[in-house]
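J.: predicted structure and sequence below. I'll ask about it afterward.
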Amino acid sequence: MISNRQSPLTPLAQEALDALASAAPNDGELTYEHAYDILTQEEDLGRPATEDIIERLYMRGHLYEVEGRLRLTDYSSE
């Protein structure tokens, strides 16, 4: 039987999401560059890894894009 539930995020992806949420301004909007910088500094990742994590978070619905800016989807730390 196929489950409709998504698998949980990897620990690194969860840490990245937490870092983005902590650093996001009150309006919750981030430019891609700001998001890359946050993950580079907070998670000590290189550019290819930050791009991959942001893409994964986007594809799984944790981030969405509006007019070229990233926003967090109703995020709460677990």
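T.: Received, thanks.
J.: please count neighbours and contacts with C-alpha atoms only from this point.
T.: Will do.
J.: what about the strands in the protein?
T.: Here the chain has its strands, by DSSP state E, at 29-31, 63-66, 69-72.
J.: so what strands line up beside the first one?
T.: The reference is to strand 29-31. When pairing is defined by DSSP bridges, strand 29-31 lines up against strand 69-72 (antiparallel).
J.: can you tell me what sits against the partner strand?
T.: 21, 28, 29, 30, 31, 32, 62, 63, 64, 65 (C-alpha atoms under 8 Å, 6 or more residues apart in numbering).
J.: what of stretch 48-61?
T.: For stretch 48-61, the external contacting residues (C-alpha under 8 Å, 6+ apart) are 13, 16, 17, 35, 36, 39, 40, 63, 64, 73.
J.: who touches the first one in this structure?
T.: Each residue near residue 13 by C-alpha under 8 Å, 6+ apart is listed here: 53, 57.
J.: now do 10 Å
T.: Contact analysis of residue 13 by C-alpha atoms under 10 Å, 6 or more residues apart in numbering lists 19, 43, 50, 52, 53, 54, 56, 57.
J.: just put the contacts of stretch 48-61 in CSV and tack on pLDDT.
T.: Formatted as CSV, the contacts of stretch 48-61 follow (pLDDT from 0 to 100):
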residue, pLDDT
13, 93
16, 94
17, 94
35, 95
36, 95
39, 95
40, 94
63, 94
64, 95
73, 87
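J.: which two among these are spaced furthest apart?
T.: 40 and 73 (21.4 Å; C-alpha to C-alpha).
J.: if we can go back for a sec, mean neighbour count for the strands of the chain - can I get that in CSV?
T.: Formatted as CSV, the strands of the chain follow (neighbours: other C-alpha atoms under 10 Å):
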stretch, mean neighbour count
strand 29-31, 18
strand 63-66, 15
strand 69-72, 20
